[in-house]
Every structure is written in structure tokens, then in C-alpha cells.
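Q: Structure for this input, please:
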Amino acid sequence: MDLPEDRADAYERLIALLDEHGAAYRTIDHAPEGRTDLVSRLRGHAVQQAAKCVVVLIKVDKKTRKYVLSVVPGHARVNLDELKAHYQGRYAGFADKEVAERLSGSVSGTILPMTFTDELELVVDPLLLEHEEIFFNAARLDRSLALATEDYRRIARPRVHSIATLPS
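A: Have a look, this model is predicted:
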């Protein structure tokens, strides 16, 4: 299946952006996989270092909708109640797949932990940023990146807020 041009370009846009800013990263080729726990094993790192990326819809009021790219450590879940409170919303829920893929420019399972559109705000849980490197699928199921966390923060400029629910 051929991807639409904007999705096919997400990987190239990412690499160009990282190179332009002199980021320390490396690519990791692996069997196609989009599930965080399984791809973390393929890449050879702790699941806590994986950037799990989820697009969330926040309904602020009856007419105002906001989309948030929520990034949490791979072993955690996105806390929708925390996001709703953070944005003073009336509702928070996962964006439907079509909207998430359109806004992120990637298919589900490969969404990048950064955004290339003003329609999508980036919020990252601080627990992910405790590691020297973060790992994520690079807009492809068969290639990932290991990116220096310091460079991720500098380039992506995420809003940092506690939005993760850890397993019990």
C-alpha cells in the first residue's frame, strides 16, 4: 500500500529537521512492528525509554476543539483526566484514527513524538525525559530512531506536564 505523500514525507522531514539542528541520533532497522512493548524488545532498550505517542481530542467548550499529541513512556498510559484538567476541557478522548494519522502525518504505531502542524499541540510527560536517549518508530514500522533526549527537548520544544498513568 502506498502512503499519501504527506505520510511518505514524514520520515524525510524528521531526518532533515534533526540534521538541520545537529541532533545526536541513530537509526535502527527492525522487523515491522508498531506495538511499543514488542518494538522496544526489537530495538534492545527498556520500554520506559520508548516514546508512546497518542493523539487526544480535548473539547474545551461546545464549539472549541483542541488536538494534543500526548507523549508518555512506553510502559505508561495517557491520563485523559489529567489532560482534560490541564486544558480546562469538558471532555478528553482518543482522536479517531483518521484524524490522528492526518494530523501526525504518520500511520498508527509510527506517530512521531513531535509535530509539524499548529493544529496539534505537543505535551510530553517528564518521566520520558529522565533518560539520556528516547526511542520511537520514525514514521515507519520498520525503522526507529534513538534520539538524545536533550536534542529532542531542544528541537521539539514540548510542553512538559505529568500526563502518564503508570502500571500498578
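Q: all strands of the protein, in order?
A: Remark: strands assigned in the chain by DSSP state E are 25-29, 51-59, 65-73, 77-78, 91-94, 120-124, 133-137, 143-148, 159-160, 164-165.
Q: just those strands: most buried one?
A: Greatest average neighbour count among those goes to strand 133-137 (a mean of 25), per mean count of other C-beta atoms under 10 Å. (Glycine included, C-beta is placed from N, CA and C.)
Q: how about the CA coordinates for that one, as CSV?
A: Backbone C-alpha positions of strand 133-137 (Å, rounded to 0.1, in the frame of the first residue of the first chain) are rendered in CSV as follows:
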residue,chain,number,x,y,z
GLU,A,133,18.0,8.7,24.9
ILE,A,134,14.5,8.1,23.8
PHE,A,135,13.3,5.7,21.1
PHE,A,136,10.4,5.8,18.7
ASN,A,137,9.3,4.5,15.3
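Q: relative to strand 120-124, how tilted is it?
A: With axes from the mean of the first three to the mean of the last three C-alpha atoms, to 10 degrees as the criterion, the two stretches strand 133-137 and strand 120-124 enclose an angle of 140 degrees.
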